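Student: based on what follows, work out the 3D shape:
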Amino acid sequence: MSDEGEKKPKRGRKPNLVPYVQTDMFQANMVEWPVKDDLASMEFPLFSLSTIPDTAIREYHQPGTNKRVRIIPPVIGAATVFDKDLLLFIGSQIIEGRKAGLPISNTVKFDSYDFLIGTGREPGGNAYVNILDMLRRLKGTQIETNIVTGGEEQTKGFGWIHDYTITKKTGNGKGVLEGIVQISDWMYKALLHYEVLTIDRRYFALRMPLERRLYELARKHVGNKPIWKADIVLMQQKCGSTQDLRYFRADVRKIIKRDSLPDYRMALDTSCKPHKIVFYTRNTKLLSDELVASDKAAWFETLERFKPA
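Tutor: Numbers count the residues shown, from 1 in each chain. A predicted model of the protein is given here:
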């Protein structure tokens, strides 16, 4: 699959992949690194939205297919959407290093300060404990998916990372951290094949887990289109929310009022049942042209949406 910054290949043609050299360990010290998100975790709710340890086994069935994904957490809780930031950082570094012609590897060494600053976190304080807990959850969470071919079904399982090592340097009194992480073969292959999309760096500033998940879905499904809508029940499933629908809808309304998603705004269409979540571009000209061309301006005015002063 092609990266956002490249032209999409014609059907039947593979994108031009940058050659790479494999090494034993990659040093994640790229200064400029556009944030890359893998397509699979954008499509499927593989990370927990909970802000407390989530030990419940979750299962997601993709509508219209026989595809099934099961998330099996460890006793300390499933990997969360905030834990995913470490994978975004590592994956983006690998892709950028490859583009720069550097040898790459699925074993990555990183400096905690670079990770914390790059993902909008405060350095120092509980950085050691927080990063270590992130790695524990990423390693412990197991993903199972089914593959049905020729009348047979196979179940495949994997984790986000294989191994990790964290070093705390106490000699300078600042507690500087270094980490070495071996990401899963599955994730590494996705990066090598550019099965990613570029997301806005302002994603890291989103503090509500549901905001982050809704932005991912918008980025994948809306892309550069002016407007897109989906059934709220389906969106709740794709978000991985375990809330009662009324509470999920209430949180959606809060996010509409917050109006904090990069590139997109949200609205709620209550004229139909079930209600629909509507995503639309912040580009007012593009939106206006689309509403006029599709004769949907009157419908748009009926939506529950953020109205700038």
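
Student: what's the weakest-modelled helix or strand in this protein?
Tutor: strand 142-149 (a mean of 82; mean pLDDT, DSSP states H and E).

Student: sheet-wise, list the partners of whichever helix or strand comes after it with their directions.
Tutor: The helix or strand immediately downstream of strand 142-149 is strand 152-159, counting by DSSP states H and E. Strand pairing for strand 152-159, using DSSP bridges, gives strand 142-149 (antiparallel).

Student: elements contacting the helix of greatest length in the chain?
Tutor: Counting by DSSP state H, the longest helix found in the chain is helix 84-99. Secondary-structure packing of helix 84-99 (3 or more CB pairs under 8 Å, 6 or more residues apart in numbering; DSSP states H and E): strand 26-28, strand 36-38, strand 107-111, helix 112-118, helix 127-140, strand 176-183, helix 185-192. Any C-beta I mention is one placed from the backbone N, CA and C, and that applies to glycine too.

Student: give me the contacts around that helix.
Tutor: Residues outside helix 84-99 that contact it (CB atoms under 8 Å, 6 or more residues apart in numbering): 3, 18, 20, 26, 28-30, 32-38, 41, 47, 104, 108, 110, 114-115, 118-119, 131, 134-135, 138, 160, 181, 183, 187-188, 191, 194, 196, 199, 204.

Student: show me which of those residues are buried.
Tutor: Among the contacts of helix 84-99, those that count as buried by neighbour count (16 or more other CB atoms under 10 Å) are 3, 20, 26, 28, 30, 33-38, 41, 47, 104, 108, 110, 114-115, 118-119, 131, 134-135, 138, 160, 181, 183, 187-188, 191, 194, 196, 199, 204.

Student: sorry, back to before: among the helices and strands packed on helix 84-99, which is nearest Thr281?
Tutor: strand 36-38 (19.1 Å; CB to CB).

Student: in the following helix or strand past that closest one, which residues are buried?
Tutor: From strand 36-38 onward toward the C-terminus, using DSSP H and E, the following helix or strand is helix 39-43. Neighbour counts over helix 39-43 (16+ other CB under 10 Å) mark Ala40, Ser41, Met42, Glu43 as buried.

Student: what is the nearest of those to Phe300?
Tutor: Checking the buried residues of helix 39-43 against Phe300 by CB to CB gives Met42 as the nearest, at 26.3 Å.

Student: my guess is the closest one meets Leu217, correct?
Tutor: Yes: counting by CB atoms under 8 Å, Leu217 is a contact partner of Met42 at 7.2 Å.

Student: what residues are shared contacts of the two?
Tutor: When CB under 8 Å, 6+ apart defines a contact, no residue borders Met42 and Leu217 alike.

Student: so for the residue nearest to the spatial centre of the chain, what's the pLDDT?
Tutor: By CA atoms, centre = their mean, the chain has its centre lying nearest to Met42, at 4.9 Å. pLDDT, Met42: 95.
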